[in-house]
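Undergrad: Fold the following.
(4 chains)
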Number of protein chains: 4
Amino acid sequence: MLIIMRENVSQDCIDKVVQFIEARGFQSHVSKGELHTVIGAVGSKIIDPRNIELLDGVQEVIKISSGYKLSSRIFKPEDTIIEVNGVKFGGGNVGLIAGPCTIESYEQLDKTAEQLKKSNVKIMRGGAFKPRTSPYAFQGLGEEGLKMFRSVADNHGMAITSEIMESSQLDMFEKYVDIFQIGARNMQNYNLLKDMGKATKPIILKRGLSATFEEWLLSAEYILSSGNPNVILCERGIRTFEKYTRNTLDLSAIPVVKKLSHLPIITDPSHGTGLRDKVAPMSRASVAAGCDGLLIEVHYDADNAICDGAQSLYPDEYNALYNDLKQIAPVVHKTIL
Amino acid sequence: MLIIMRENVSQDCIDKVVQFIEARGFQSHVSKGELHTVIGAVGSKIIDPRNIELLDGVQEVIKISSGYKLSSRIFKPEDTIIEVNGVKFGGGNVGLIAGPCTIESYEQLDKTAEQLKKSNVKIMRGGAFKPRTSPYAFQGLGEEGLKMFRSVADNHGMAITSEIMESSQLDMFEKYVDIFQIGARNMQNYNLLKDMGKATKPIILKRGLSATFEEWLLSAEYILSSGNPNVILCERGIRTFEKYTRNTLDLSAIPVVKKLSHLPIITDPSHGTGLRDKVAPMSRASVAAGCDGLLIEVHYDADNAICDGAQSLYPDEYNALYNDLKQIAPVVHKTIL
Amino acid sequence: MLIIMRENVSQDCIDKVVQFIEARGFQSHVSKGELHTVIGAVGSKIIDPRNIELLDGVQEVIKISSGYKLSSRIFKPEDTIIEVNGVKFGGGNVGLIAGPCTIESYEQLDKTAEQLKKSNVKIMRGGAFKPRTSPYAFQGLGEEGLKMFRSVADNHGMAITSEIMESSQLDMFEKYVDIFQIGARNMQNYNLLKDMGKATKPIILKRGLSATFEEWLLSAEYILSSGNPNVILCERGIRTFEKYTRNTLDLSAIPVVKKLSHLPIITDPSHGTGLRDKVAPMSRASVAAGCDGLLIEVHYDADNAICDGAQSLYPDEYNALYNDLKQIAPVVHKTIL
Amino acid sequence: MLIIMRENVSQDCIDKVVQFIEARGFQSHVSKGELHTVIGAVGSKIIDPRNIELLDGVQEVIKISSGYKLSSRIFKPEDTIIEVNGVKFGGGNVGLIAGPCTIESYEQLDKTAEQLKKSNVKIMRGGAFKPRTSPYAFQGLGEEGLKMFRSVADNHGMAITSEIMESSQLDMFEKYVDIFQIGARNMQNYNLLKDMGKATKPIILKRGLSATFEEWLLSAEYILSSGNPNVILCERGIRTFEKYTRNTLDLSAIPVVKKLSHLPIITDPSHGTGLRDKVAPMSRASVAAGCDGLLIEVHYDADNAICDGAQSLYPDEYNALYNDLKQIAPVVHKTIL
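TA: Now for the predicted structure:
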């Protein structure tokens, strides 16, 4: 921790800061510049920097250490590669996941899977428990939906992913899904994150609507430090003043997170834009920016989807996009199955 | 729902939209203006407006009904008044809650309570389970802390409030607290919200860091529609580009929410600013803007607080503030105990 | 400037950073902590910290000095007090300015002035050149409007303020107005700011829609360093994700800016909320938070105003608000004329 | 304009709204739904919808027409193609512009141009007047710089673009540049925009830091309606809560603006990210998302650049990026020279 004193403060102010931090178990190193004195506080204790900022003569306090360790690239320099049903995320691989927003019926899943197989999809998405803004909106088919999804997946040789809403669903989800999803609204539901350490499957952790990169990596740290190293980060759009798109998909997350962390990062252009005709350009852009995968909503009958049909591709549109992505990936030295 | 067509669209486009909505159970009313044709869609079905926006010739779709009902002032025109330990929130009353961020020890609670009593505080706050950004930060004393808090409160004739983190803690909390708190990060933890319908005590529902007023009221609606009508809304700052303050306390929430809803609205200037010397001005401003209460962090030894001491007042500072608030409240026709 | 190196970097990395900064005219002070080495760079040269952040082994670079000097409270500890027509801003005084958004006609100004005098208003606002989002919207009466405004003001013993749009209007404005206004959209129009140094009258500098406190004070610094010390800062709402209010009036600006700067700070609750019934609560809140003045839109016939009538008070409403403010000001040790 | 009344309002409320709008020159069409009555107001007058929202019983007022016409794709369905020095923007062409942030010296420009020619660059960027947040930062070489830039450009067969700061510079700029730039901070400097109608060269209009798509197109409308049809829109990052990147480059602007407008849209990944190693991924992503061009900072000696060197590529890095872009463009049916 570095404590920057205001210009030309008195020795008395400096002494009091030194006393304050030493009384709390830190060693101090005072270094006087032309205008500013800087006090380094060394130690392993945790102290809220704002407590020091309140002392007389203190201009600013700077924390040196970032809070995440296990998710940091300094801790683990090489890419984490996560493989599910032969699909790899990270380490030069772009993994694709496609499927409907919401599980509606066996027929819907079956028809969509049938189509997606033609585009080489091996992991399907589909929601059984839906976090809805309104209590009066459709809340999903629940376990019945998951059961259906598992059965369709098995028939088509697919792996599946679905969103878990609370810790008490963990055992039930373990029976059905191959990848857990933590939604954006639960990114800081710390009790849920801690419990995901017990999950035996990888976890897609979506970025919260207004989460910083550091907070996101700290949420990943909750899972990693609880025992599950298989976290896939998913950028799905942040909230800004712009209302034309549902959210603002922040593609700079890709190169930034790739530098800070070894974890794979994918994007969700469906939620990130909320508009079907924006999904393909933003998917292409994601791959060009170096993402490790994509999560795309596809529905065999999108116009009649119960939920988010407007941001879902038709299977034909997905197939055209898939062909584009296969051409862009090699330019950035990536492989798409 | 109103569907606004682009300028000079063909009759064919209009017909297709009419067909589309009628096939989904709506009645249609076409009305042609000079430039724009507007199609009204009447019915009780729920349909995603974006599905219609994708049809040819459609410019925009407008939802007429807001999603919240029970929390709306149209549904219940008169103020909801919530009373706890003689302190009222709403209906011309400003209720005050004060206490430390985190429960640290019996002594800390006892000494703080001792002091707060002199300023007529009758409800204390204190966290036993802390939602921390980092998994390595102090996570709270847990049930042990709540037990301690209850005991101190009983000795001093105080009611208490504390933050609940997940549904499985509901029964335990019922034993100790007089008011539940749902934190900002859990504002859209819908499973938790639904379960709070079973709580027999009032609930303080904090606004999410990037939640709109409508989303906040819809989260309240989850609780109300699950059976608990006693929700106190709490503005605690939103996230903006400004980093000098921890959050940006949005005081316009007060007059806006008072108009839209009958529920009491309070503010939390401690989290809203993150800086001790900003708490008093923003508390005074909250009362002047018409709030129904305040949630303020106070610690008898703030500089040595484990958590958020930098935004906690000392009891003397609280007392001075209390005297100011007593003078401002009558100007806006409000009463402070 | 402090350069924080990553954990356990090589001596070679440290040497290269030292070389880099010394080659650019800085002295270096290396101090090794347990994990991190910190290099202090002392000197008066300006260097983009990001250039150093790109060097191997560098974790973060921290600028110690804030860029503004003349507008800083360190430079001038006592409040700047600006007086116009007997009305004072700063130093325990709350100055009030009221009047229509836009100058429409002699009659409109005269009738509004007539009414405002009853509430002791001594400075009127009114726009002659309007910055409008659309090129097709009414752009103001121009110099003709200013002439009209001056004449009405003289008849009623009022001072006036109006918004200047570009440097070439400076001489013309000098003839008519007593206070210049720089609008939010021009807060970073640096050529205009520099030219305002030549103005002989005080300047109200509105905060930009997404300007940080530091950027705002740096814009004031442009004016101060060009020779005009009389700047009144005006918070008028920032842009957030919330659309219910036109902007989000950030009242924390008041205590924050009062601490950082000696310049007076006022608020504009009319633009800050965009809604007439929110103006009074946010005005009261501004005074309670410690502002040095208010800029309020009032129109004798608000419903028929050409521009922004919806956020303008009727004179009666203004008078009621004035009476409230007179009661709140003494609580925060302020005086309203 | 559509006026949506609250549920079950009285006939009296409806009548008063009808009266109000008819008195202001509108025709009214009342249509009663099950819960809500909707009143259509038809006419060419301009009225602030908030004036109507204040009337009793009104829930919401919706404007039907967007304000921009000349810049709208409805007005002109086919792409505008702007050609400068053989480089095309729009209509399937991706035009590239590269060069230093700031003009520093003849040698700097000459050496950079020398290198850029190898990558087929035909338009160079370079700032002579710099909008700097601090009045104490380097403000550019001014006209001397432009003269230098023109001379270097002529020697190398290049066209050039530079930022204009105020209307009074128009004639001077006409002598030197081939494309004008309007910076983000001046996007709503309406006097400057209007005067750009007189410019005989194309204009790059950058998006403001917190401007919506609609505001941006309305700013373009100022230029178009003043007589200059050659506007190139440039996304350069918006301000969000995230501070790791200098701004958040909003790539969804590309497909959104392409749909709303016929004008070419380019991106500026240098300012959009502020970090050299993020420029290449975001440039590739821009092309994959369908942009019509790129504006990239390149400096032959980036580490020693006076300004923004940290976000400038070295010529070799630019060349590698150029090769990548040449491979991505055909996938989205675009041509790069």
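
Undergrad: residues in chain A within reach of chain C, list them.
TA: A:2, A:4, A:6-7, A:29, A:31, A:33-36, A:38, A:40, A:42, A:59-60, A:62, A:64-65, A:74, A:239-241, A:243 (Cβ under 8 Å from any Cβ of the partner chain). From N, CA and C alone the C-beta is placed, and that goes for glycine too.

Undergrad: So which of these sit within strands?
TA: Residues of these located in strands (DSSP state E): A:L2, A:I4, A:H29, A:S31, A:V38, A:G40, A:V42, A:Q59, A:E60, A:I62.

Undergrad: From chain D, how far off is the residue in the stretch 1-150 of chain A that chain B sits nearest to?
TA: Of all residues in the stretch 1-150 of chain A, A:R50 sits closest to chain B, at 2.9 Å by Cβ to the nearest Cβ. Applying Cβ to the nearest Cβ, to the nearest Å, one obtains 18 Å for the distance of A:R50 from chain D.

Undergrad: domain assignment for chain A?
TA: What automatic domain parsing lists as the domains of chain A is A:2-62, A:82-336.

Undergrad: now, of those domains, which is deepest in the fold?
TA: domain A:82-336 (a mean of 22; mean count of other Cβ atoms under 10 Å in any protein chain shown).

Undergrad: can you pull the contacts of the residue of the stretch 1-150 of chain A closest to chain B?
TA: Contacts for A:R50 (Cβ atoms under 8 Å, 6 or more residues apart in numbering or on different chains) come out as A:V61, B:G274, B:L275, B:G309, B:A310, B:Q311.

Undergrad: Same check on A:A153?
TA: A:A113, A:M124, A:A159, A:I160.

Undergrad: what's near enough to touch the residue nearest to the second one when sequence neighbours are not counted?
TA: The reference is to A:M124. Spatial nearest neighbour of A:M124, chain neighbours left out: A:G99 (3.8 Å); criterion: Cβ to Cβ, 6 or more residues apart in numbering or on different chains. For A:G99, the contact set (Cβ under 8 Å, 6+ apart) comprises A:L109, A:T112, A:A113, A:L116, A:V121, A:M124, A:R125, A:G126, A:I160, A:E297, A:V298.

Undergrad: Over to A:I123: give its phi and psi.
TA: phi -130, psi 130 (degrees, to the nearest 10).

Undergrad: so what's it bridging to?
TA: Beta bridges link A:I123 to A:A159 when assigned by DSSP bridges.

Undergrad: From the contacts of A:R50, which shows the smallest pLDDT?
TA: For those, the weakest pLDDT value sits at B:G309, with 78.

Undergrad: Can you say which helix or strand has A:K111 in it?
TA: According to DSSP states H and E, A:K111 maps onto helix A:106-117.

Undergrad: Then A:Q327?
TA: Using DSSP H and E, A:Q327 falls in helix A:315-328.

Undergrad: Which strands and helices lie in contact with that helix?
TA: strand A:93-99, helix A:106-117, helix A:276-288, strand A:293-297, strand A:335-336 (3 or more Cβ pairs under 8 Å, 6 or more residues apart in numbering or on different chains; DSSP states H and E).

Undergrad: any idea how far the third one is from the chain center?
TA: Shown here is helix A:276-288, whose average C-alpha point lies 18 Å from the average C-alpha point of the whole chain (Cα atoms, centre = their mean, to the nearest Å).

Undergrad: same check, this time on the shortest one
TA: Using Cα atoms, centre = their mean, the mean C-alpha position of strand A:335-336 is found 21 Å from that of the whole chain.

Undergrad: same for that strand, what does it pack against?
TA: strand A:93-99, helix A:315-328.

Undergrad: thinking again about what came up before, ok, which of the domains of chain A comes nearest C:E83?
TA: domain A:2-62 (30.4 Å; Cβ to Cβ).

Undergrad: End to end on that closest one, go ahead and measure it.
TA: 5 Å (Cα to Cα, to the nearest Å).

Undergrad: next one: stretch A:47-56
TA: OK, stretch A:47-56 end separation, Cα to Cα: 18 Å.

Undergrad: can you list the weak-confidence ranges in the stretch 51-200 of chain A?
TA: Residue ranges of the stretch 51-200 of chain A with pLDDT under 70: A:64-66.

Undergrad: any chance you could map the strands in it?
TA: Counting by DSSP state E, counting those that start in this stretch, the stretch 51-200 of chain A has strands at residues A:58-62, A:82-84, A:87-89, A:93-99, A:123-125, A:159-163, A:179-182.

Undergrad: tell me the pLDDT at the spatially closest residue to A:Q115 that is not a sequence neighbour?
TA: Residue nearest to A:Q115 in three dimensions, not counting chain neighbours: A:P315, with 3.5 Å by Cβ to Cβ, 6+ apart. In this model, A:P315 is scored at 97, pLDDT.

Undergrad: ok, now which ones touch A:P315?
TA: With Cβ under 8 Å, 6+ apart, A:P315 has these contacts: A:T112, A:Q115, A:L116, A:K118, A:S119, A:V298, A:Y300.

Undergrad: Quick check: the farthest pair among those?
TA: Once Cβ to Cβ is applied, these give A:S119 and A:Y300 as the farthest pair, at 12.4 Å.

Undergrad: Up against chain B, what does the stretch 51-200 of chain A have?
TA: So the stretch 51-200 of chain A meets chain B at A:51, A:53-54, A:67-68, A:131-138, A:165-168, A:185-186, A:188-194 (Cβ under 8 Å from any Cβ).

Undergrad: Go through the domains of chain A and name the closest to D:L218.
TA: domain A:82-336 (13.8 Å).

Undergrad: Other residues contacting stretch A:56-69?
TA: Residues contacting stretch A:56-69 (Cβ under 8 Å, 6+ apart): A:1-6, A:9-10, A:13-14, A:16-17, A:36, A:49-50, A:52-53, A:72, A:75, A:214, A:217-218, A:220-221, A:261, B:133-134, B:136-137, C:2, C:4, C:7, C:33, C:35-36, C:38, C:59-60, C:62, C:64.

Undergrad: In three-state terms, label the residue of the stretch 1-150 of chain A closest to chain B for me.
TA: helix (DSSP: H, G, I helix; E, B strand; the rest coil).

Undergrad: Can I get the helices and strands packed on helix A:315-328 in JSON lines including distance to D:N155?
TA: Shown next, in JSON lines, are those (distance: least, Cβ to Cβ, whole Å):
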{"stretch": "strand A:93-99", "distance to D:N155": "45"}
{"stretch": "helix A:106-117", "distance to D:N155": "57"}
{"stretch": "helix A:276-288", "distance to D:N155": "35"}
{"stretch": "strand A:293-297", "distance to D:N155": "47"}
{"stretch": "strand A:335-336", "distance to D:N155": "45"}
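
Undergrad: Would you tell me which of these gets closest to D:M282?
TA: helix A:276-288 (8.8 Å).

Undergrad: What average pLDDT does that closest one get?
TA: pLDDT averaged over helix A:276-288 gives 97.

Undergrad: what does the stretch 201-337 of chain A have sitting close to chain B?
TA: A:209-210, A:215, A:218, A:221-222, A:225-226, A:239, A:274-277, A:303, A:305, A:307-311.

Undergrad: Of the residues you listed, which belong to helices?
TA: Mapping these onto helices (DSSP state H) picks out A:E215, A:L218, A:E221, A:Y222, A:S225, A:R276, A:D277.

Undergrad: how about the residue lying closest to the first one once chain neighbours are set aside, what does it touch?
TA: Spelled out, it's A:E215. Closest residue in space to A:E215, ignoring its immediate chain neighbours: B:T133 at 5.7 Å, by Cβ to Cβ, 6+ apart. Counting by Cβ under 8 Å, 6+ apart, B:T133 touches A:G67, A:Q188, A:E215, A:L218.

Undergrad: just those now: which is nearest chain C?
TA: Of the contacts of B:T133, the one sitting nearest to chain C (Cβ to the nearest Cβ) turns out to be A:G67, at 13.5 Å.

Undergrad: Compute the number of surrounding residues for that closest one.
TA: Using other Cβ atoms under 10 Å in any protein chain shown, A:G67 has 19 neighbouring residues.
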